[in-house]
Structure formats: C-alpha cells, structure tokens
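**Student:** dropping a prediction and its sequence here:
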Amino acid sequence: MSILKEPITQPVTIRNYVDGEWVDSDGERRDVVNPATGKTIATVPFSTREELTAAVQAAQEAFPMWRQVPPLARARCLFRLKELLEERFEEISRIQTMEHGKAIDESRGETRRGIENVEVAAGIPSLLMGDYLEDIATGIDEYLIRQPLGVFGLITPFNFPFMIGLWFAPYAVATGNCVVLKPSSEDPICQTKIVELAEEAGIPPGVWNVVHGGRAVVSGMLDHPDIKGICFVGSTPVGRDVIAKKCGGAGKRYIAQCGAKNFAVVMPDADVTRTMAACMASFYGNTGQRCLANANLVICQQDLTDEAYDTFYREVVDAFVSAAKRITLGYGLDQSVQVGPLRDPGKKQHVVDYIEKGLEEGATLTLDGRSFELTGDWPRDAFLGPSVFEDVTLDMAIAREEIFGPVACMIKARNLNQAIEMIHDNPFGNAASIFTASGDHARTFRYRVECGNIGVNVGVAAPMAFFPFSGMKDSFFGTLHGQGQEAVRFFTESKVVIERWF
Amino acid sequence: MPGTGVTASRVIGLAEELEGRSRAFYEELAERFTAQRRLFLSLARQCQKNQVFLLRTYRETVSDALEVGFSFGGLDLEGYRFDTTLPDSVSFIDAIEQAVELEKQAAAFYESVAEHSRSLLATIAVAFKATAKKRGQNQPELEALLD
C-alpha cells in the first residue's frame, strides 16, 4: 500500500470570494468530510441571500470594465491561469480525492479535463469572431458581433468538484461576462483553489466570484434580475422543475445538464477482454457517480443461435463479474486503489436502497457489493463494492432510474434494433456506448440512438473541451451546451449590424 | 484482465522511480569511471528526459474518460527488479554488466506496460513504447564497452 501525501493536513476554513476579497459568511458552517477517512478537512459556509446579492452586485459593477478589456488580454489571464493550474496539478488532484473520494488516477483525469477547458477558452480571440458580408445590397454591408450579456450564475455538483466549474467559467469570463459560482457544499475546496489562482492570474476583482452554500444561494441566483443566465449541473428534478422553469419564466438563459441512465450494448463480435476493461471504468469508475457512467449492459444476440447466445451471454457476464470482483476498493490516495468510496454514507444508503429494491423486484443479485474487501484500515461507512444484477427487466426501477452508484444491470436483447428501442424507452438521453467490431452496427447505433454523447468501443463518452458536452431528453434542458463553441454562443448575444454610408 | 490494483498511477510512479534511480546510477558510474564519463552522463541525462517525458505524457493525456485504473490487469509489477545500487568495490566490467541488465529490465518493463495499455491508454502507451525503444538501444552501446 503506497499512500500519496495529503495536501490538506489541517481543516481549511472556506470563505466566499467576492469582489476580489475573501469574506466571511454569516451563515451556518458545515463540515466537509473526507469520505474515505471520515476526517473533517474543511468547513464551508451556507451563505445568506444577502451575501449572494452582494456578489451579484460586485459582478455587475465589474462587468462594464471587464467587457472592454480586449479579448486577447482576457485570453492572457486564462493562459496564466492554465500555467498556474499545471503547476498545482498534483496538489489539486489530491484535493479532489480528499474531498470527493475518487481514485487518484480519476482525479488527475478530472484535472486534465478541467484545464483543457481553460486552454480552449484561451482561444477566445478566434472563437469570438463574428461574420461580415459586404454588399448585401450595393453599398450596404452587414456584420454580426458577439457581445457579453453581464452576470451569470454557475451551480456545480459534487461528483466532479474541479472540472464542472471549468465547463462554464472560463468561457463566461473569456467572452467578457462576470460570474458568481456556487460549488457543491459537499466538496467545495477545488473551486476555492481555482478562484485563488484566477486572482493570481490577473482576473480583476468582481469578475469571478465564489459564494458557497445551498438553496438560499441557488434561489437567490434564480430570482436576481441582474443574473442573465444560469449554468446548472445536477439532478433532473431540479434541472427540469426548478432551473428550467424559473429561468424560462424570468427570461434567463440556462444550461441544465441533468441525470442519466446510460446503456452499453455489447455485440457478439466485440472484443470481450478490452470491452470489460472499458466497462469497469465506465460502470464503476468514480464509484458510479458520473452522469456518463454506463449502468445497463445490454448483451445482444443478433445473429447467434439460441445456444451460441447462451454461451456468449455467459462469457460476457462472467467476465464482467470476475473483473468487478477484483476491483480494489479503498482510499483514492492509495495508488493501488481503483475505486474509492461514495461521497458520503447517505449516498451509499441511497444505492443500498436500490439494491434492495432490485431484489424485491425479482432481479438476481449475482454480485453483492454490500459485502466487500477494503484495501487499508478505513471506516467502511461510505464504501460500497460493485454490484451486478441479472434477470433484469426494463420496468424495474434499477433498470430505469438513475442510481448514481456502483450497480450494473445485465439485460438481454434479441438484436441491435431491440437494444436501441430499450435505450429510447428510457426517459434519459445522456450517453450510450456500443462495443462491436462492425462498422455497420456502430454506424446504425450512432445514427439512431437518441443520446447526446455516443461511445463506439468507448465506455465513458466524455466530449473533449472543444466539443459541446451534449445531452438529450431528460438529461438536458436548454438549447446550447457547455464547453467549446456552444459555450461561447451561450455566453454571448448575437448582434447584427446593417451599415450604409451616405 | 482488469482488476488487480495495478493502476496507471502505480505504473507511472514506478517508471518515475526507475528513471530517477537509473539517473543516479549513471551519475555514480560517471564519477567512478571517468574514462567513460561522457557516455554515462549522457545516459543519466536521457533518464531525466525519460522521466519528464513519461510524467508529462501521462498528465497531459490522462482523462476521466480513459481506463486509467483498469488498463494493466494481469501485470505483475513485483516481477521487476531494478538493481541500481553499485557495490563499493565494483569493477568496471561488473558495473557495465549491471548497467546492461538494468537496461534489459527497463526495456522489458516498458514493453510490457506498453502492451498492457496498448488498446486503452492511447498516447500513454505510445510513450511507454518509445521509452522501451530508447532503453533497448542503450544495451549494445554498453555491451560494446565489454569488448
């Protein structure tokens, strides 16, 4: 067992960052607990609505100055931020593991994904360019310019404490807007670290604010007339029933990236060994707390005889279960650990409830994650091993609902067509993967499947920063997505000028 | 097969350690056997470059979408022994033989981790392969000193 050094040795007192100052909150404080060790590593304030209002005001006041800063100068701030994040790469990654629980490889992957967004947003002088057409009528020209709107509210979830803020903030700031970001109160340290580095990178006071808290901050953002738009990543009920409704009613722009129930389809021609490695990362990586995690494994019969299909099904399920059984579970700073704990014991209980529901519904629990071996002597409260269900039907809650934990359902399908129908029958549409050696199957799948992110022999179909992080159906509410050019469009207003000179 | 607790982090950690120890080994050879100082220092520099190259490749391409925790199933890291401790009174011949063995072991290690991660870790696997090639090419150069 080789445990990497913890970058936090004493509990950190987290404060809000408003108008370039670190300010205390009058709200209550709650502990931020390392889910693997059970130790408190920070305390976070639950800010008041007035404190949110003060942050919005600071952002609103900074906006006229910031929008006039040339895009190249704004980009240079982001280049400096990128360098600072690179310098702190390892520290930030280890903080993620401490505050969230994920394994260190996954934290480093998250750090890289976040930095990539800063890199892409640093290309803003090119990304922000408009269009120009001479002589729309003789002597008359027309052009389009993209202008910032003002202040945006960003609400980020617990499952990627570093990266998700960076899906939005760098683009908002690069386009000349100001932001007020509310990180998850469960793991708020990384976002605090980022804004600390943003200040060092030269981003002026009021441009990038962080206000910690819960509902009071979120509802304050939704109600505030100076907030022009909201970016939210979280559950479908909140995204659909709160964010989309409130923003729609108030005329705010919004991106609401929400829940998921993702399917992976294994065709008989798939490379089973490599598929299993991809499946382990997809189903159990980040302890299943990922909106791109696959949850249902559909094993297709396609052209196989019934007898051959029985053999193929068994081969896939046995390989899956065997690989899942050998996953090392423990503290993510232990380099031999592949999967860490759930974010907290409550989330573990939520997953355990689903396991029990699956049993009540008649599914067979082939691998029971409730009993597990732990690498290292850690409290077991938030840990849960991988589970595998068989004999799952699509009407079962475990097959339909988002569990957000390390639970996999094995499902049989007669052919690819039926597998696609199963995906369409589910209300979510975040991601889907196919494992196959056939270009025809792969093309059919990516052409027809109604999901925003498609993986072909890829288990976690996570778009790079220069592509939008897509999503459909109950997994996404809004029009434009986070990341890349779509984020630039979201954070800017298109203004068209028609020009004639007498 | 996946699931043995050999993660990318562990493999990269071992590679970093291997290159660091190899560098110190060659620097010590350069001190002790000054006639071949240039060659040994150049090998030490190469180890330093390898270390930077591998860590940078890993950090620049590691992604939450890659199977970093699950790509090295079946790999036995305990099977590799990198002897970089020079006995006090080691002869030139024995030291070179030790260096050749170190290069063989290092090349075999990188070949193996490249093969294990070939289809899953993309650029990271390519970096392992390139390092295996470099370390493999050092062997004949060292063996020539034995002639």
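**Tutor:** Structure's in. What do you need? Numbers count the residues shown, from 1 in each chain, chains lettered A, B, ... in the order given.
**Student:** for residue 57, give me its contacts.
**Tutor:** All of this refers to chain A. residue A:226 (CB atoms under 8 Å, 6 or more residues apart in numbering or on different chains). C-beta coordinates here come from the backbone N, C-alpha and C atoms, glycine included.
**Student:** look at chain B instead
**Tutor:** Shown in contact with residue B:57 (CB under 8 Å, 6+ apart): B:123-124, B:127.
**Student:** in whatever helix or strand it lives in, what counts as buried?
**Tutor:** Counting by DSSP states H and E, the element that carries residue B:57 is helix B:37-61. By 16 or more other CB atoms under 10 Å in any protein chain shown, the buried positions in helix B:37-61 come out as B:39-40, B:43-44, B:46-48, B:50-51, B:53-55, B:57-61.
**Student:** so how far is that helix from its chain's centroid?
**Tutor:** In terms of CA atoms, centre = their mean, to the nearest Å, the centre of helix B:37-61 is found 9 Å from the chain centre.
**Student:** next secondary structure element downstream of it?
**Tutor:** Sequence-wise, the next helix or strand downstream of helix B:37-61 (DSSP H and E) is helix B:92-117.
**Student:** just the CA coordinates for the helix or strand that that next one is followed by, please, in PDB.
**Tutor:** Next helix or strand after helix B:92-117 toward the C-terminus (DSSP H and E): helix B:123-143. Extracted in PDB, the C-alpha atoms of helix B:123-143 (Å, rounded to 0.1, in the frame of the first residue of the first chain):
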ATOM      1  CA  THR B 123      -0.800   8.200 -26.200                       C
ATOM      2  CA  ILE B 124       0.400   7.000 -22.800                       C
ATOM      3  CA  ALA B 125       1.100   3.500 -24.300                       C
ATOM      4  CA  VAL B 126       2.900   5.100 -27.200                       C
ATOM      5  CA  ALA B 127       5.200   6.900 -24.700                       C
ATOM      6  CA  PHE B 128       6.000   3.600 -22.900                       C
ATOM      7  CA  LYS B 129       6.800   2.000 -26.200                       C
ATOM      8  CA  ALA B 130       9.100   4.900 -27.200                       C
ATOM      9  CA  THR B 131      10.900   4.700 -23.800                       C
ATOM     10  CA  ALA B 132      11.300   0.900 -24.200                       C
ATOM     11  CA  LYS B 133      13.000   1.500 -27.600                       C
ATOM     12  CA  LYS B 134      15.400   4.100 -26.100                       C
ATOM     13  CA  ARG B 135      16.400   1.900 -23.200                       C
ATOM     14  CA  GLY B 136      16.700  -1.100 -25.500                       C
ATOM     15  CA  GLN B 137      19.100   0.900 -27.700                       C
ATOM     16  CA  ASN B 138      21.400   1.600 -24.800                       C
ATOM     17  CA  GLN B 139      22.200  -2.100 -24.300                       C
ATOM     18  CA  PRO B 140      24.500  -2.600 -27.400                       C
ATOM     19  CA  GLU B 141      26.300   0.700 -26.600                       C
ATOM     20  CA  LEU B 142      27.100  -0.500 -23.100                       C
ATOM     21  CA  GLU B 143      27.900  -4.000 -24.200                       C
END
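**Student:** any buried residues in helix B:123-143, and which?
**Tutor:** The neighbour-count check on helix B:123-143 (16+ other CB under 10 Å) flags B:124-125, B:127-132, B:134-136, B:138-139, B:142 as buried.
**Student:** quick revisit: pLDDT and distance to chain A for the contacts of residue B:57 - can I get that in JSON lines?
**Tutor:** Output for the contacts of residue B:57, formatted as JSON lines (pLDDT from 0 to 100; distance: CB to the nearest CB, whole Å):
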{"residue": "B:123", "pLDDT": "87", "distance to chain A": "12"}
{"residue": "B:124", "pLDDT": "88", "distance to chain A": "11"}
{"residue": "B:127", "pLDDT": "94", "distance to chain A": "15"}
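**Student:** so is the closest residue in space to residue B:36 that isn't next to it in sequence in a helix, a strand, or just coil?
**Tutor:** Residue nearest to residue B:36 in three dimensions, not counting chain neighbours: residue B:145, with 6.5 Å by CB to CB, 6 or more residues apart in numbering or on different chains. Under DSSP: H, G, I helix; E, B strand; the rest coil, the three-state class of residue B:145 is helix.
**Student:** contacting residues for residue B:145?
**Tutor:** Contacts of residue B:145 (CB under 8 Å, 6+ apart): B:36, B:39, B:92, B:96.
**Student:** please redo it, this time with the cut-off set to 10 Å
**Tutor:** B:33, B:35-36, B:39, B:92-93, B:95-97, B:99-100 (CB atoms under 10 Å, 6 or more residues apart in numbering or on different chains).
**Student:** can you check residue A:320 too?
**Tutor:** Contacts of residue A:320 (CB under 10 Å, 6+ apart): A:266, A:272, A:275-276, A:279-280, A:283, A:297, A:299, A:366-367, A:386, A:388, A:408, A:410.
**Student:** these also near chain B: which ones?
**Tutor:** Among those, proximity to chain B is found for A:276, A:279-280, A:386 (CB under 10 Å from any CB of the partner chain).
**Student:** just for the chain, where's the confidence low?
**Tutor:** With no chain named, the answer covers chain A. Applying pLDDT under 70 to chain A flags residues A:1.
**Student:** ah, no, chain B please
**Tutor:** In the predicted model of chain B, residues B:1-4, B:119 satisfy pLDDT under 70.
**Student:** residue A:272 against residue A:315, yeah?
**Tutor:** Yes - between residue A:272 and residue A:315 there is a contact at 6.2 Å, judged by CB atoms under 10 Å.
**Student:** looking at the two now, which is surrounded by more residues?
**Tutor:** Comparing residue A:272 with residue A:315 by other CB atoms under 10 Å in any protein chain shown, the one with more neighbours is residue A:272, at 16 against 13.
**Student:** quick one, phi psi at residue A:390?
**Tutor:** Dihedral angles of residue A:390 (phi, psi; degrees, to the nearest 10) stand at phi -120, psi 180.
**Student:** residue contacts, the one residue sitting closest to the centre of chain B?
**Tutor:** The C-alpha lying nearest the average C-alpha coordinate of chain B belongs to residue B:106 (CA atoms, centre = their mean; 4.1 Å). Shown in contact with residue B:106 (CB under 10 Å, 6+ apart): B:15, B:18-19, B:22, B:47, B:50, B:80, B:82, B:131-132, B:134-136, B:138-139.
**Student:** what about 6 Å?
**Tutor:** Counting by CB atoms under 6 Å, 6 or more residues apart in numbering or on different chains, residue B:106 touches residue B:135.
**Student:** got the phi/psi numbers for the closest residue to chain B within chain A?
**Tutor:** Chain B sits closest to residue A:326 of chain A, with a gap of 3.0 Å, by CB to the nearest CB. Dihedral pair for residue A:326: phi -90, psi 10, per degrees, to the nearest 10.
**Student:** fine, thanks again, bye for now.
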